[in-house]
Every structure is written in structure tokens, then in C-alpha cells.
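# Task: produce atomic coordinates for the following.
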Amino acid sequence: MSVSKTTLRAAIALLFALSPVVAQANEIYAPVVNPISPQADDNVPDVRRVPGKHYTDSFDMTHVPTPHAVDPTRIGKWDGRGGARDGLRLSDFSDQFSNSMIDAQAQINDPLFDAVTKNETALVVSTQFDMMLGNDTSLAAERIGGGVETFATRRQIVDHNHPGGLLRDIDSVDIWGSENPNRAGFYSFQGDPGNTAVYTQQVLAPNSVVPYISTTDLAMALGEPNLEPFLDVDGLMVRDVGTGFNPFDGQFGPGDAIMFSLAPIMDPTGAIIYDGGEIWTWEFGSPAQFLDHGGHLWDTAFDVRGTFGSESENIDALEAVGGVPEPTSLLLGAMGLACLGISRRRRQ
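Numbering: from 1, shown residues only. Now for the predicted structure:
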């Protein structure tokens, strides 16, 4: 007997969703087909099936004109096939940032934050200038055991078929988020203005972009108070647990934590203090510590360029991924269950 038409249709739809795009993507953003849920494991999923992907370029850009134009505080949404469209613009909520560029972003409670800080799922990073792993990789994944591979290429993030329609250098990323562009979250601006390392934004509140973590508090957590004027958060993930029944209180307090990287810092003689390749985790009430992932510490001694084949040590975007069984396994599993059902009916 043959497999049921329903099972075949589901299998065909799955294969179609995962098939590569033949033509270049255009300005139209394609919603994620058959999205997966975040899952802590050592698999790196197909980027096209990961929902809620947001980014900023080295200069925040709008995707409407040709070529794309600089649009400060504009966040882009990308579909993993090269399609991208305009998302939230923070200056629409607070004009004090009308000339600022977003340097880092994170959602209220990154779903894989705890897993990646415990080395239970893959870490995703981008380095300045991208071009990792000997090709146009913009986002690379480090597995639990330290192996590295491509998560997303430059053309998978933005590849519009016109001049000026290609990603330049990804500067911040957030995934597993909401498809709604008007979303609350956390952001850091280039240069950490206003003595603020991280801002929080609540879309329903007036003047909703407000300080969350000061550069003074961050410097104290690092045990380097003298470095406060030079701090510039470059990559970010957040766990904000809220207070009581409020899932998000907009304050960094008990139970909250961040994972972050910094732009390179040098002393007055030009000697390197931090080369930008360090990643820290900071639990509220405790000192910041170097991330322990992939079988090593993400400290200054770790060779980012040698590991990722990049042009720079500087980490400028952070995320985490976990996967599901390969598409072929899913299809075979579905067909196997159908065949098992047929076999049982035969016995009856």
C-alpha cells in the first residue's frame, strides 16, 4: 500500500520549504516557513527555519530605496534567503538617538541564554568585517566541543538584486524573537552615549528608550573602574526575569544577567588591554566572568582570528542556536510512522 496523501503532502511541503532559492531575493521579506523552536543541543539548524531574525549593518540602513540608505537606529528583519525589510526604528520612540547607530541588540529574555552560558548549545558570533571561515560567512557557530561552522552567509542576510543591496558588515543580531517589528528589547549604541552601556525599550511607554545598565556599573563588574570612559558594548544577550508578576520590569536586578563583548580597548601607549575577542557573562550581584564555551575561555588569550579565519579579533554580534533533526531524518521519520500505521492495520 502507498503512504497516505496527507503524509505525502506534508513531506512535499517540508522539502519545498527547505529547498534553496534559485533566483536572488528581492525587497519582499518571506515569512519563515515551518519555523523551529529554540532547543538546547549541539546541532546548528538551517538558518531559513529560525524565526524572528533581526539585524543591523555597520551603518543602520533602510531597505526601501535603491541603493539602501543610512537610517540611524533602524533595525532590519531578514528571512535567511537574502530577503530583508525594515523593522523597528528606535528614534521614532526617542529622538535623542536620531543620529545614533545600534551596536548591539537582544530581546527581553533570550531563550537560549542559560544554555549557551552553560555550554549546552551552540554559540553564534560575528567578527568585524565578517568574511569568516574563508568565505562570506557573517555569522559563525561554535559547537559545544569547539568545532566551528557557518550559520549564515552575507548573502543569506541581505542580498537584494540591485546596486547597494548587499550586507556590508553585520553589527548586531537577534534571533528567536517576535515577527512583530514593534517589540520590546535591549540595545547598545555605538560609543555607549549617556554613560549607558545598555538601554531598554518598551514600545508602549512614552520616551520608552531608557537606561538599563550604566558604563560605571559595567566597569565595576569587570573590576576595571578606570576603563569606564572607554567601554563600548559590541555584542549582547540578555536574561531579564522581571519582578513578581511583571515579566519585564526594565531594571537590571536579582535574577537578571547579560552576556556581552566590548570593542577593543588600548592604553595611552597603544598597548592592548582588551582586543575585542573577549566575551563575558555577568550575573547581577556578581563579578563579570569570561564565558566558558567550546572547551575554552573567551578571554584575551583565545585566538578568534585563527579559530574563525576572520580578519579581526573583534566580536561585534552574539547569539545562540540549537537544532532539530536534519530534514531528511524528519521526512523519513514521518514516512516511517505512516508505514508503521499501515503495518498495524494489516495485522488487524
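
# where does Gln251 land in three-state SS?
coil (DSSP: H, G, I helix; E, B strand; the rest coil).

# Use 35 as the first number from now on
I'll keep to 35 as the first residue from here, and by that count the last item is Gln285.

# What confidence value was assigned to it?
pLDDT for Gln285: 88.

# ditto for Pro281
Reading off the model, Pro281 has pLDDT 66.

# give me phi/psi at Tyr89?
Here the main-chain torsion angles of Tyr89 (degrees, to the nearest 10) amount to phi -160, psi 170.

# Could you give the bridge partners of it?
Gly110, Val207 (DSSP bridges).

# who's in contact with it?
Taking Cβ atoms under 8 Å, 6 or more residues apart in numbering, we find Tyr89 in contact with Ile109, Gly110, Lys111, Trp112, Ala118, Ile191, Ile204, Asp205, Ser206, Val207, Asp208, Ala351. Glycine gets a C-beta too; all of them are placed from N, C-alpha and C.

# okay, now the third one: neighbour count?
If I follow you right, that is Lys111. 20 (other Cβ atoms under 10 Å).

# Check the last one too.
The number of residues packed around Ala351, counting by other Cβ under 10 Å, is 27.

# and it, backbone torsions?
According to degrees, to the nearest 10, Ala351 has phi -160, psi 140.

# so where do the helices sit in the stretch 85-234 of the chain?
With DSSP state H, counting those that start in this stretch applied, the stretch 85-234 of the chain shows helices at 147-151, 188-191, listed in chain order.

# elements contacting the longest one?
Helices and strands touching helix 147-151, as assessed by 3 or more Cβ pairs under 8 Å, 6 or more residues apart in numbering; DSSP states H and E, comprise strand 267-273, strand 291-296, strand 349-355.

# still on that earlier bit, which stretch among the helices of the stretch 85-234 of the chain comes nearest Arg83?
Across the helices of the stretch 85-234 of the chain, Arg83 has its closest neighbour in helix 188-191 (12.2 Å, Cβ to Cβ).

# Need the CA coordinates for the closest one. PDB is fine.
Extracted C-alpha coordinates of helix 188-191, given in PDB (Å, rounded to 0.1, in the frame of the first residue of the first chain):
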ATOM      1  CA  ARG A 188      26.300  37.600   4.000                       C
ATOM      2  CA  ARG A 189      24.000  36.800   1.100                       C
ATOM      3  CA  GLN A 190      21.600  34.900   3.300                       C
ATOM      4  CA  ILE A 191      21.200  38.000   5.400                       C
END
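
# on that earlier part again, ok, so of the contacts of Tyr89, who is nearest Gly198?
Ala118 (12.8 Å).

# weakest of the helices of the stretch 85-234 of the chain in terms of mean pLDDT?
helix 188-191 (a mean of 94).

# on that earlier part again, would you turn the helices and strands packed on helix 147-151 into JSON lines with distance to Asn143?
As requested, the helices and strands packed on helix 147-151 are arranged in JSON lines below (distance: least, Cβ to Cβ, whole Å):
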{"stretch": "strand 267-273", "distance to Asn143": "6"}
{"stretch": "strand 291-296", "distance to Asn143": "10"}
{"stretch": "strand 349-355", "distance to Asn143": "13"}
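
# Tabulate the ones you listed (CSV), appending distance to Leu157 and mean pLDDT.
Output for the helices and strands packed on helix 147-151, formatted as CSV (distance: least, Cβ to Cβ, whole Å; pLDDT from 0 to 100):
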stretch, distance to Leu157, mean pLDDT
strand 267-273, 10, 97
strand 291-296, 9, 98
strand 349-355, 6, 97
